[in-house]
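With the sequence up front, the predicted model follows.
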Amino acid sequence: MYKAAVIGDSASVSGFAALGLSVFRETDADRIKKLIGKLAAGGYAVIFITEPAAALVSETIKKYNSSTLPSIVLIPAIEGNTGEGMRTLHEAVEKAVGTDIFN
C-alpha cells in the first residue's frame, strides 16, 4: 500500500498527522533533499511539500517530475500562498491534457 507524506515548517504541516499522513517538520534544504530521496525509495506515492520548502529544493523536485512516483505536490504554507503550487498544477494539467483548461 502506498503512503503519503507532507514536508514543511511545523506550523504548516502539523495538522496533516490527523489525516494519517506522515509528517516531516523540516526547513533545511539539505535535509529536505535527503528526505525526498528516502521517501521516494520508501514507497511514498505522494509527497506534499510547502511552497517555501519546495523553493529550497526545486532542482530535486524537478528530478522527480518525470517519474511516475512519487508525485510531489506543492501546498501553501501557513503564512500564505506564493502561487507556485497553482502554476505547477496548471503546467501539469496542460501537459497531460494538451491545453490549459483553467483559462
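Received it, and whenever you're ready, just let me know what you need.

need the contact list for P76.
S12, T50, E51, T82, G85 (CB atoms under 8 Å, 6 or more residues apart in numbering). C-beta coordinates here come from the backbone N, C-alpha and C atoms, glycine included.

List the contacts of the helix or strand containing the first one.
Secondary structure here is read from DSSP states H and E; on that basis S12 sits in helix 10-13. Residues outside helix 10-13 that contact it (CB under 8 Å, 6+ apart) are V6, I7, V23, F24, R25, T50, I75, P76, A77, I78, E79.

For that helix, buried residues please.
Neighbour-count burial for helix 10-13 flags S12, V13 (criterion: 16 or more other CB atoms under 10 Å).

Stretch 3-18 now?
Across stretch 3-18, burial judged by 16+ other CB under 10 Å covers A4, A5, V6, I7, G8, D9, S12, V13, F16.

With stretch 58-75 instead?
Buried, per 16+ other CB under 10 Å, within stretch 58-75: T60, I61, Y64, P70, I72, V73, L74, I75.

would you turn those into JSON lines with secondary structure and distance to I36?
Shown next, in JSON lines, are the buried residues of stretch 58-75 (DSSP: H, G, I helix; E, B strand; the rest coil; distance: CB to CB, whole Å):
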{"residue": "T60", "secondary structure": "helix", "distance to I36": "6"}
{"residue": "I61", "secondary structure": "helix", "distance to I36": "7"}
{"residue": "Y64", "secondary structure": "helix", "distance to I36": "7"}
{"residue": "P70", "secondary structure": "coil", "distance to I36": "8"}
{"residue": "I72", "secondary structure": "strand", "distance to I36": "7"}
{"residue": "V73", "secondary structure": "strand", "distance to I36": "12"}
{"residue": "L74", "secondary structure": "strand", "distance to I36": "13"}
{"residue": "I75", "secondary structure": "strand", "distance to I36": "15"}
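
Hmm, A4 and L21 touching each other?
Yes - in this structure L21 lies within contact range of A4 using CB atoms under 8 Å: 4.9 Å.

Can you pull the residues that touch both of the two?
What both L21 and A4 touch, as defined by CB under 8 Å, 6+ apart, is the set F48.
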